[in-house]
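> I'd like to go over a predicted model; first the sequence, then the structure.
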Amino acid sequence: MPEIPNSRIRKLRTWAPGKRSSELIGEDENKNQITLIDLASNDYLDLARHPLLIEAARHTLETDGVGSGGSRFITGSRNIHQKLETKLAEWLDREIVLIYPSGFQANLAAVLALSDRHTTVICDRLIHHSLLVGVKASGAKLFRFKHNNLSELEKLLKKSRQNNPRKQPLVITESLFSMEGTTAPIKEISKLCVQYDSKLLIDEAHAFGVMGSAGRGESFELKEPISIISGTFGKAFGSGGAFLATDKITGKNLIQNCGAFRYTTALAPSLCASALAALNLIESNPNWGSELKEKSNALRDRLSQVGWQRPAGEGPIISIILGSDRLAMDYQERLEAQGLLTVAIRPPTVPEGKSRLRLVIRRNTPDQAFERLIEILKNK
C-alpha cells in the first residue's frame, strides 16, 4: 500500500456508535480503543449524525433505493433532486441550481463553462486544486495573484483588458480558504470585476452553511458580476455531493454542454434527502453561523493570549503555522495523546516551510476541548 500524505495509517478513526457527534473512536498501536474529540473534520454544524438527516436518508433509501442508477438524462433524476435544486435556488436567490456528485466535479464543470483556450483566467494563488485542474482542461491562459491581494488582481485585470479587449477574463477565488482559514474580500473583488468587465467564479464550499447572511455564503446578495457560485453538501450540510448556482442562460449551457453534468451517475437520492433536511435546519436556525464565528474568534483570542500569533480569518477554520513538518507532527501527536484529533497539514498540500495544524471549530465542540487545547499549546 503506498504511503498516504498527511495521514497516520496506524490509526483507524471512525464514528463511535452511541458517541456524541463531537467524538470519534479509534485504536492505538496496541489495539486499545481510544475516544477522541474531533477538531479536524469539516462537519461544521454537527449535522452528519443529526437524527433528521439520518431519518430523511433512511426513508429515501427505502423508497428510492441506494443509487440513482443513471445520469440525470436517463434514469437518474428523481423528485428529490428537483426539490433540492428548487429549494436551494430560492434560498440563495439564484435563478438555477444544478446538483453534482462531488465538489471536484462541480468545480471542473464551472471553470469549463466559463473559459476556453482564448480566455485569460486570473485566480487567487491559494484556490483549490480542482479549480486549477479545470483551468488546465480548458486551455485558458492562467495568471495567479497573491492571496487576497487586490492591487495585484487589478494589475492583472488591467493588463488582460489591454491585451484582449474583446474577450472577458475570468476571475476565480474561494470565499473561505480551506487551509488558511482566511476570507476573501468578495465585495471588493466584485467591484473590480465590474470595473474591468470580468466574469467571476466563487467557490463557497467551506463558507456555505456557516458564513454570510444566515449561512448563505459570502457572495449572497451580490449579483453582477458573479457568473457561478460553487458549493458543497459534504461540509456544513453533513451530507455529500455539490452544486452550482447561476443564472438561467449559464445553467442551460451547463445542462446542454457540460459533460461533468450530462455523463455522470446522478447523486444518490438519500444524499439529496439528507442535504434537503440540513437546508431546512439551517434555514430554521439562521444564527448558527454567527454563533460559530463568535466561538471561533474566541479561540483565536485565547491562542493570542498564550503567546501564539493570532490566526488569520474569522471563520471555523483555524490554521496554526508551525513551519517544519516534524514540529507539526509533534503537536499532532501531543494533542492526540490528550484525546484531541487534529491533523498536521504538510507539503504538498501546503508550501514547504508552511506546515501547520489545521483546527476546525464545530457547533457542538465541547468547551473542555478548548481548555485542553490551550493547556497543551501554551507550553511551546
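That came in fine, so what should we check first? None of these values were measured; they are calculated from a predicted model. Numbering: from 1, shown residues only.

> pull the longest helix from the protein.
When the chain is parsed with DSSP state H, its longest helix is helix 288-305.

> report the distance from it to the chain centre.
Relative to its chain's centre, helix 288-305 lies at 19 Å (C-alpha atoms, centre = their mean, to the nearest Å).

> next, the buried residues of it.
Within helix 288-305, the residues that count as buried by 16 or more other C-beta atoms under 10 Å are 288, 289, 292, 293, 295, 296, 297, 299, 300, 302, 303. Backbone N, C-alpha and C define where each C-beta goes, glycine included.

> for the fifth one, give me its contacts.
Put plainly, it is residue 295. Shown in contact with residue 295 (C-beta atoms under 8 Å, 6 or more residues apart in numbering): 316, 361, 363, 365.

> re the thing from before, make JSON lines out of the buried residues of helix 288-305 and add pLDDT and distance to residue 199.
Below are those laid out as JSON lines (pLDDT from 0 to 100; distance: C-beta to C-beta, whole Å):
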{"residue": "288", "pLDDT": "97", "distance to residue 199": "32"}
{"residue": "289", "pLDDT": "96", "distance to residue 199": "27"}
{"residue": "292", "pLDDT": "96", "distance to residue 199": "31"}
{"residue": "293", "pLDDT": "95", "distance to residue 199": "29"}
{"residue": "295", "pLDDT": "95", "distance to residue 199": "36"}
{"residue": "296", "pLDDT": "96", "distance to residue 199": "32"}
{"residue": "297", "pLDDT": "95", "distance to residue 199": "33"}
{"residue": "299", "pLDDT": "96", "distance to residue 199": "37"}
{"residue": "300", "pLDDT": "96", "distance to residue 199": "34"}
{"residue": "302", "pLDDT": "95", "distance to residue 199": "41"}
{"residue": "303", "pLDDT": "95", "distance to residue 199": "38"}
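
> in a helix, residue 143, correct?
No: assessed with DSSP: H, G, I helix; E, B strand; the rest coil, residue 143 is strand; it does not lie in a helix.

> grab the nearest non-local neighbour of residue 188.
Excluding its sequence neighbours, the residue lying closest to residue 188 (C-beta to C-beta, 6 or more residues apart in numbering) is residue 150, at 5.5 Å.

> list the contacts of the one you found.
185, 188, 189, 192.

> mind listing which of those are in helices?
188, 189, 192.

> how far away is the residue nearest to the last one when sequence neighbours are not counted from residue 305?
So the one you mean is residue 192. Spatially, and ignoring its direct neighbours in sequence, residue 192 is nearest to residue 154 (5.5 Å; C-beta to C-beta, 6+ apart). Counting by C-beta to C-beta, to the nearest Å, the gap from residue 154 to residue 305 is 37 Å.

> of the ones in helices among the contacts of residue 150, keep whichever come out buried.
189, 192.

> what is the nearest of the ones in helices among the contacts of residue 150 to residue 327?
Closest approach between the ones in helices among the contacts of residue 150 and residue 327, by C-beta to C-beta: residue 189, at 34.2 Å.

> now the closest one: how far from residue 146?
Residue 189 sits 13 Å away from residue 146, going by C-beta to C-beta.
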